[in-house]
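>>> turn this into a structure:
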Amino acid sequence: MIAVVDYGMGNLHSVAKGLERVGGEVVVTHDAQVVTAADKVVLPGVGAFRDCLANLDRYRLRAAVAARLTDGRPFLGICLGFQLLFERSHEFGEHAGFGRIKGEVVPFPTDLAEGDTRLKVPHMGWNEVVPHGDNPLFAGIPAGATFYFCHSYYARPADEASIAATCHYGLDYCCMVAEGNLFGVQFHPEKSQRWGLKVLENFVRL
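Model (predicted):
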């Protein structure tokens, strides 16, 4: 059973439906005991870093989620759920994350550009994801596959060994981390059609 963590923020319906479509048995929950007992956990998220942390506390979910980051069972953070894996974020001040991945979440530069072309922030739309090394969530996905992004902040891991994939938008940045059965993706697999569903399918099959 896969627990999709419901803390009042995130595209829960699309994430749950995507997992179910590829064979996952899913429950959307804000019950900490369900999160603790689930075979796999998915932490989605849309919105501000600090608001997410406040909501996790309001639903008394923070400790249960934190425990799942270190117990070896499969865990997937999506978008804001990916950013929460890091030590801190600089979104609307500085806020501590779970600290499971060393590093920080920072804003795209205000002068972000590709050559002479200024780039819009947030980074919104389809972009290529380049896997690094042996990445089980990218099994069966061809080189050059694109995924859907929507974010103004990006993760900057302290250890390059944590980087499982990168994306280029004015600069090369980490869009996926992987350590054992812990994964986080900046893009939205549930909105990324064929290859996004393949990522979810690979997670379901872990």
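
>>> which one in this structure is furthest away from the centre?
residue 116 (30.8 Å; Cα atoms, centre = their mean).

>>> list the contacts for residue 88?
By Cβ atoms under 8 Å, 6 or more residues apart in numbering, the contact set of residue 88 is 94-97, 104-105. Glycine gets a C-beta too; all of them are placed from N, C-alpha and C.

>>> let's go with 7 Å and repeat that
Residue 88 makes contact with 94-97, 104, according to Cβ atoms under 7 Å, 6 or more residues apart in numbering.

>>> that one pairs with what?
residue 96, residue 104 (DSSP bridges).

>>> could I have stretch 103-117 exported to PDB, CA atoms only?
Only the C-alpha atoms of stretch 103-117 are listed here, as PDB (Å, rounded to 0.1, in the frame of the first residue of the first chain):
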ATOM      1  CA  GLY A 103      22.100  21.100   0.900                       C
ATOM      2  CA  GLU A 104      19.700  24.000   0.400                       C
ATOM      3  CA  VAL A 105      16.900  25.300  -1.800                       C
ATOM      4  CA  VAL A 106      17.600  28.700  -3.400                       C
ATOM      5  CA  PRO A 107      15.800  31.000  -5.900                       C
ATOM      6  CA  PHE A 108      16.600  31.100  -9.500                       C
ATOM      7  CA  PRO A 109      18.700  34.200 -10.200                       C
ATOM      8  CA  THR A 110      16.800  37.400 -11.100                       C
ATOM      9  CA  ASP A 111      18.900  37.800 -14.200                       C
ATOM     10  CA  LEU A 112      18.400  34.200 -15.400                       C
ATOM     11  CA  ALA A 113      19.100  34.000 -19.200                       C
ATOM     12  CA  GLU A 114      20.000  31.700 -22.000                       C
ATOM     13  CA  GLY A 115      22.400  33.700 -24.200                       C
ATOM     14  CA  ASP A 116      20.700  37.100 -24.800                       C
ATOM     15  CA  THR A 117      17.300  35.800 -23.900                       C
END
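
>>> numbering from 45 from now on, please.
Got it, the first residue is 45 from now on, which makes the last one we talked about stretch 147-161.

>>> quick one: mean pLDDT over it.
Mean per-residue pLDDT for stretch 147-161: 95.

>>> need the contact partners of it.
93, 127, 130-135, 163, 165, 167, 196-202, 214.

>>> buried residues in it?
147-150, 152, 156 (16 or more other Cβ atoms under 10 Å).

>>> those into CSV, with extra columns for distance to residue 54?
Below are the buried residues of stretch 147-161 laid out as CSV (distance: Cβ to Cβ, whole Å):
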residue, distance to residue 54
147, 22
148, 22
149, 17
150, 22
152, 21
156, 26
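
>>> what's the weakest-modelled helix or strand in this protein?
When each helix and strand of the chain is scored by mean pLDDT, DSSP states H and E, helix 93-102 comes last, with a mean of 90.
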